[in-house]
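Trainee: Would you be able to build a 3D model of this:
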Amino acid sequence: MSEILSNLAQDCHRILSETPGPDGREKIAELLQNLLSDPANVETLVPLTTGERDLLYQDAELGFCILAHNYDSPKTSPPHDHGPSWAIYAQARGETEMRDYDKIEDASAEKAGKVQVSRTYRLNPGVAHVYNEGDLHSPTREGPTSLVRIEGTDMSKVKRFRYELA
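Mentor: From the prediction side, this is the model:
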């Protein structure tokens, strides 16, 4: 593990232990913005050889994960939340168009929930954004992009409901 990643993991653990909840997550977003303002840190955390979802670290005590993502071509994700968890997206390279949604109809295992767009904005390099529990959003990447994402838990093991535009 690189010193940059080790320090990030330690700082996240300290912040989330001292300030759990949305306020602590905002502090981590600020930390990521500062960290990613240095191109050497970007290269260390998200080298261009990174895959679409590389787990860099999972905290044994608190469960949060630090991931690196590298997309070499356009990609759009459908509207989604992070189930019972949260996520912080920190743009490292390229640009992501993000949409936030208002829930119109709840989702269930049998049917997709309905949403409508409430806001559209761009994540540019050095920008980090917190998505708390229940926040519905979708990223669109029109070209190569890289990001660091911190999740409250390993989302690859969490079942989530589907959402679609109303």
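Trainee: The closest residue to G94 other than its chain neighbours: neighbouring residues, count only.
Mentor: Nearest-residue entry for G94: T145, 3.3 Å, with adjacent residues in sequence omitted and distances by Cβ to Cβ, 6 or more residues apart in numbering. Backbone N, C-alpha and C define where each C-beta goes, glycine included. Taking other Cβ atoms under 10 Å as the neighbour definition, T145 ends up with a count of 24.
Trainee: my guess is T145 meets Q91, correct?
Mentor: Yes - taking contacts as Cβ atoms under 8 Å, T145 lies within contact range of Q91: 7.3 Å.
Trainee: just to revisit the earlier point, quick one: contacts for the residue nearest to G94?
Mentor: H69, N70, Y71, Q91, R93, G94, E95, T96 (Cβ atoms under 8 Å, 6 or more residues apart in numbering).
Trainee: pLDDT on the lengthiest helix in the chain, on average?
Mentor: For the chain, the helix with the greatest residue count under DSSP state H is helix 3-18. The average of the pLDDT scores along helix 3-18 is 98.
Trainee: Report the secondary structure element holding L31.
Mentor: Using DSSP states H and E, L31 maps to helix 22-35.
Trainee: Tell me what angle that helix forms with helix 3-18.
Mentor: Put simply, helix 22-35 runs at 160 degrees to helix 3-18, going by axes from the mean of the first three to the mean of the last three Cα atoms, to 10 degrees.
Trainee: Give me the residues contacting helix 22-35.
Mentor: 4, 8, 11-12, 15-16, 18-19, 41, 45, 86, 88, 90, 126-130, 132, 148, 150.
Trainee: Could you name the helices and strands sitting against the longest helix of the chain?
Mentor: helix 22-35, helix 39-45, strand 54-58, strand 65-71 (3 or more Cβ pairs under 8 Å, 6 or more residues apart in numbering; DSSP states H and E).
Trainee: repeat that for 10 Å
Mentor: helix 22-35, helix 39-45, strand 54-58, strand 65-71, strand 145-151 (3 or more Cβ pairs under 10 Å, 6 or more residues apart in numbering; DSSP states H and E).
Trainee: just to revisit the earlier point, any chance of CSV for the contacts of T145, columns pLDDT?
Mentor: Below are the contacts of T145 laid out as CSV (pLDDT from 0 to 100):
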residue, pLDDT
H69, 97
N70, 97
Y71, 96
Q91, 98
R93, 98
G94, 97
E95, 97
T96, 97
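Trainee: Quick one: buried ones out of those?
Mentor: H69, N70, Y71, Q91, R93, G94, E95, T96 (16 or more other Cβ atoms under 10 Å).
Trainee: any chance of those in TSV, plus distance to R119?
Mentor: As requested, the buried ones among the contacts of T145 are exported to TSV (distance: Cβ to Cβ, whole Å):
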residue	distance to R119
H69	22
N70	26
Y71	22
Q91	17
R93	23
G94	20
E95	16
T96	14
